[in-house]
Structures are given as structure tokens and as C-alpha cells.
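# Quick check, what structure comes out for this input:
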Amino acid sequence: MSNLQDPQLTASQTQSVQHDYIGAVEVLKQVFEIFQTGNLRALTDLIAEDAVMEFPYAPPKRPRRVEGKDNIIKYNKAILNIVKVSDFTDVEIHCTVDPDCAIVEMTGHGTVLATGDTFSRRYIDVCRTENGRIQFIRDYWNPQESPKLNFFKKLKVAYHMMGAKFKSRRNAKSAG
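Numbers count the residues shown, from 1 in each chain. Okay, here's the model as predicted:
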């Protein structure tokens with residue numbers, strides 16, 4: 001079992017092989033730390049202006065795609081207003097031939113702020129970076145593992161309160 005302090009790298013590339021720039025693996029490690037501290041200001045330095053986040057398994061009324069740095073920050077701020085992320089465990093980072101692309105498997109742990117209920121959820125993320133900044137993240141997770149008590153309803157309210165714009169499943173279909 002691997003945790004954030006000692007993520008397990010896979011593929012032929014090992015930790016001893018370093019690049020002269022910050023690639024996807026290094027960016028992902030910084031993102032884990034940011035979510036645990038809740039310091040989203042640091043996240044702004046890691047996201048490209050035209051970055052995209054996708055959520056292929058998002059339930060109805062949740063965004064399937066968030067576009068642009070400002071909206072991604074608002075999206076994550078809304079989440080951190082509802083939950084406190086305490087840890088990432090079982091972290092496996094899969095390096096690809098392209099150092100600007102990495103795949104990570106992990107379990108996120110946290111607490112629902114309104115109730116104090118704890119949760120654990122398994123994630124698989126595909127991250128693409130360019131010039132040390134996140135260009136694209138595809139976030140796979142099981143919505144049935146979400147914390148209870150109207151989590152999605154509260155998240156939707158938080159999005160709208162912050163003015164975040166996102167494409168719903170319905171908007172994504174009509175746009176494509």
C-alpha cells in the first residue's frame with residue numbers, strides 16, 4: 001500500500017530519472033499537497049489559463065466538464081467548502097512515455113464539514129501538463145461512493161453562489 005509521502009511509480013521510468021522541468025508526476029504531487037492543506041492559492045500557479053477538467057462519471061446535475069483556470073478554481077473551492085480532504089492513500093502514479101502525461105490511482109479520505117461524517121473514495125486521474133501547468137485532467141470516480149446528506153445538492157448551490165460556469169451533461173450533448 002502506498003501513500004502520498006511515498007507514491008508508487010510504475011513503468012520503466014523510476015524516481016531516479018529526473019527531467020529538467022516539472023512534468024505531470026511532479027505537478028500531481030503538488031496538487032495532492034494543496035488539497036490536503038486547502039490552500040487553493042497555490043493551485044492557481046499550477047493550472048494553465050485554458051485548462052480543462054472532465055468528469056466522465058459525474059451524476060446528473062453535476063458538471064461533466066469545467067473549462068478555464070478561474071472556473072476550475074471555483075469548482076475546487078466549492079468542493080473544499082463542503083469537505084475537508086485529510087489524506088490520499090494507495091497512491092500509484094503510472095508514468096507514461098510522455099513526461100507531460102501521468103495516470104494516478106488513489107483513495108481520497110476526508111470529512112463532510114456539515115456533519116463530521118468521514119468518507120473514502122477511489123479515484124483514477126489522467127493528467128496532462130504543459131510547461132509545468134495542468135492543461136487537462138480527466139477525473140474518474142464512482143458517484144455512488146459520495147458522502148451522503150445531499151452532497152451534490154450542496155455542491156450545486158456552492159457552484160452557483162460562486163458564479164462558476166460549467167457544462168452540464170445536457171449542455172455537453174447539445175454542444176457536441
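# Distance check, the spatially most central residue of the chain against residue 56.
Central residue of the chain (Cα atoms, centre = their mean): residue 139, 6.1 Å from the mean position. Per Cβ to Cβ, to the nearest Å, residue 139 is found 8 Å from residue 56. Where you see a C-beta, it was placed from the backbone N, CA and C, and this is true even at glycine.
# Check residue 24 too.
Look at residue 24 and residue 56: by Cβ to Cβ, they are 19 Å apart.
# Comparing those two, which shows the higher neighbour count?
Neighbour totals were compared for residue 24 and residue 56, and residue 24 leads with 26 against 10 (other Cβ atoms under 10 Å).
# count of residues packed around the closest residue to that one other than its chain neighbours?
Closest residue to residue 24 apart from its sequence neighbours, by Cβ to Cβ, 6 or more residues apart in numbering: residue 102 at 3.8 Å. Using other Cβ under 10 Å, residue 102 has 25 other residues around it.
# What score does residue 102 have for pLDDT?
Per-residue confidence (pLDDT) for residue 102: 96.
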